[in-house]
Structures are given as C-alpha cells and as structure tokens.
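**Student:** how would this look folded up:
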Amino acid sequence: MKKMPDMQKSADPRRIAIDKVGVKDIRYPIVVLDRARKKQHTVARVNMYVDLPHHFKGTHMSRFIEVLNLYHGAVSIENIEEILTAMKERLEASCAYLELEFPYFIEKQAPVSKARGLMEYQCRMTGILGDEFDFVLEVSVPVTSLCPCSREISDRGAHNQRSLVNVQVRYTGHIWLEELVDQVEACASAPVYSLLKREDEKAVTEQAYDNPMFVEDMVRAVTERLTAMPDVTWFKIECENFESIHNHSAYAQLEYYKRPKACG
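**Tutor:** Take a look at the predicted model:
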C-alpha cells in the first residue's frame, strides 16, 4: 500500500503554539466510586485536549479516541492520571487535559414517610497533567433556600426558591461525592428530594421556614464545613438562587486557594 502523507505532522511556518486542541463531547461509559454500593456505572460527556507545539500543523484527533478505547469499561477516578500520561505520550504533548461530566445518583429517604427515591447530581472531574498532576472534583447540589428578609417583614409566610450550589475541590486522600453533597445540603434551608409524601412536604416546608438563608449565608456555611475537612486543599463555591418573586437570580462565589495548580 502506498504510504499516505501525515499532514498533521507537517511543519507550520507561522510558529504559533496552541494551548488546547482535541475532541469534545464524546459520550462514554465510566465507573464512579459509590459509598453505598462500591461502584456506580454512568455515562459521561468527555473532553480530551493536549497542547500543540508551534512546529506541528495539527494534532491526530483519532489518537484521542484510541487512548480512550484502551480503557473501555474502566474509565474512573483511579486511572485519570494514567489516561493523561497515555495522551501525552501518544500525541507527543507536554500537557494533557481530560474532562468528564456525568450524572451521579444517590438514594435519599424522605424525612417522615421514609419513602425512597433517587436524586440526580451533576458531577465533573477535571484532570491536567503537565510536569505535575492536577485534579479537581466538582458537584452541583440543588437545595431549597428561604429568604430571611421575606420572613422578617411578612405577616404570612416567606418566599423561597430552588438554589444550586456548585462546589469544586482539590484534595489529598479520598473524598466521596456523597460527602460533598451531605456538606452542602446541611448548609441550605432544606434539602431537595425526588419523592415526598404530604407529611414530608410539611416537614421540609417547616424546616426551610425555621432555617432562612441568604445566598451569602449558604456560601459562608459551606466554606466553614470545607475548611474543616483536612484533606481539602482548595475549593471554589458558587451559589445561585433562582428567585421566585424577582426576575433575576441571586449569586455568590467564594474561592479558597492553598495549593498551586500544575499547569493550564
């Protein structure tokens, strides 16, 4: 067979390096550690990138998929650094990036009826390998918040809203996704459930009324909890209240920075 030219490896005269090149939005099965059942299988949206030196015209996009297929059925938090190493070697890069976004399900019990239902949490893992390995775990937790101002000034009730608390962490050792969810839900006016009976709805409504929270209160409360976790070395918290009586969202963000990133 006649040898075909490798256009990606041909020289580029512009001498401009590119920070990230690669493939986005691959749907792929992964395995996530589950505190209750050891492992949970889910499907992730995967992004894979490497840096491109100035002397290469392009990267070999098919090689990203080849690397991913080497770990078919076994892509997990334990081997992200190994996958990144394979990406660097296969694509002749100095820095590799891997992003996994996926739904994670936790069985929750209603507070009074004890009815069980599965709650979905959107999670994300981001790995970067340059001279060092850097990893960030992220989870978005829906909660209920009740406005302290509304409760204070109103004769009957108070307005509440669905809120979304997004937490990103760097850490040593091991942290369960369930642990992060528990920490966030404890800082809200009340948790959100997938299944509530009438007696549960009454209990959750009253819990929220007894525990009013501004968006600022929730961010500060989560900060107190995460700084008390010895394995956490960095975190970023974002909280958004999707207001029920305003035509806007309320938002707060806080970053705790202790350890420098590896690259990127």
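
**Student:** spell out the residue ranges of the helices in the stretch 1-150 of the chain.
**Tutor:** Secondary structure of the stretch 1-150 of the chain (DSSP state H, counting those that start in this stretch): helices at 61-69, 80-91, 148-153.

**Student:** which stretches in this structure count as strands?
**Tutor:** Taking DSSP state E, the strands of the chain run over residues 18-34, 38-52, 96-109, 116-129, 133-146, 160-171, 190-191, 232-242, 249-256.

**Student:** packing partners of the last one?
**Tutor:** With contacts defined as 3 or more C-beta pairs under 8 Å, 6 or more residues apart in numbering; DSSP states H and E, the secondary structure elements packing on strand 249-256 are helix 215-227, strand 232-242. All C-beta atoms are positioned from the backbone trio N, CA, C, and that covers glycine.

**Student:** who touches it?
**Tutor:** Applying C-beta atoms under 8 Å, 6 or more residues apart in numbering, the set of residues contacting strand 249-256 from outside is 214-216, 218-220, 223, 226-227, 234-243.

**Student:** filter these to the buried ones?
**Tutor:** 214-215, 218-220, 223, 226, 234-241, 243 (16 or more other C-beta atoms under 10 Å).

**Student:** report the two of the residues you listed separated the most.
**Tutor:** Largest separation among the buried ones among the contacts of strand 249-256 by C-beta to C-beta: 234 and 243, giving 29.9 Å.

**Student:** start and end of stretch 3-16, how far apart?
**Tutor:** With C-alpha to C-alpha, to the nearest Å as the measure, stretch 3-16 spans 28 Å from end to end.

**Student:** so residue 221 makes contact with residue 187?
**Tutor:** Yes. Contact status for residue 221 versus residue 187: in contact at 3.6 Å, counting by C-beta atoms under 8 Å.

**Student:** which parts of stretch 203-210 are buried?
**Tutor:** Under 16+ other C-beta under 10 Å, the buried positions of stretch 203-210 are 203, 204, 205, 207, 208.

**Student:** for residue 243, see how far away the third one is.
**Tutor:** For residue 205, the distance to residue 243 equals 18 Å [C-beta to C-beta, to the nearest Å].

**Student:** repeat that for the last one.
**Tutor:** From residue 208 across to residue 243, the span is 15 Å (C-beta to C-beta).

**Student:** with residue 165 instead?
**Tutor:** For residue 165, the distance to residue 243 - C-beta to C-beta - is 15 Å.

**Student:** same check on residue 103?
**Tutor:** 26 Å.

**Student:** what's near enough to touch the residue sitting nearest the centre point of the chain?
**Tutor:** Centroid check for the chain by C-alpha atoms, centre = their mean gives residue 138 as the closest residue, at 2.5 Å. Applying C-beta under 8 Å, 6+ apart to residue 138 gives the contacts 123, 124, 125, 126, 166, 167, 168, 169.

**Student:** one more time with 6 Å, if that's ok
**Tutor:** Taking C-beta atoms under 6 Å, 6 or more residues apart in numbering, we find residue 138 in contact with 124, 168.

**Student:** make residue 1 into 57 and carry on from there
**Tutor:** Renumbered: residue one is now 57, and that last one reads residue 194.

**Student:** pairing partners for it in the sheet, please.
**Tutor:** residue 180, residue 224 (DSSP bridges).

**Student:** about what we covered before: wait, which of the buried ones among the contacts of strand 305-312 is closest to residue 139?
**Tutor:** The closest of the buried ones among the contacts of strand 305-312, once distances to residue 139 are taken by C-beta to C-beta, is residue 290, at 22.2 Å.

**Student:** excluding residues flanking it in the chain, which one is nearest that closest one?
**Tutor:** Excluding its sequence neighbours, the residue lying closest to residue 290 (C-beta to C-beta, 6 or more residues apart in numbering) is residue 226, at 4.1 Å.
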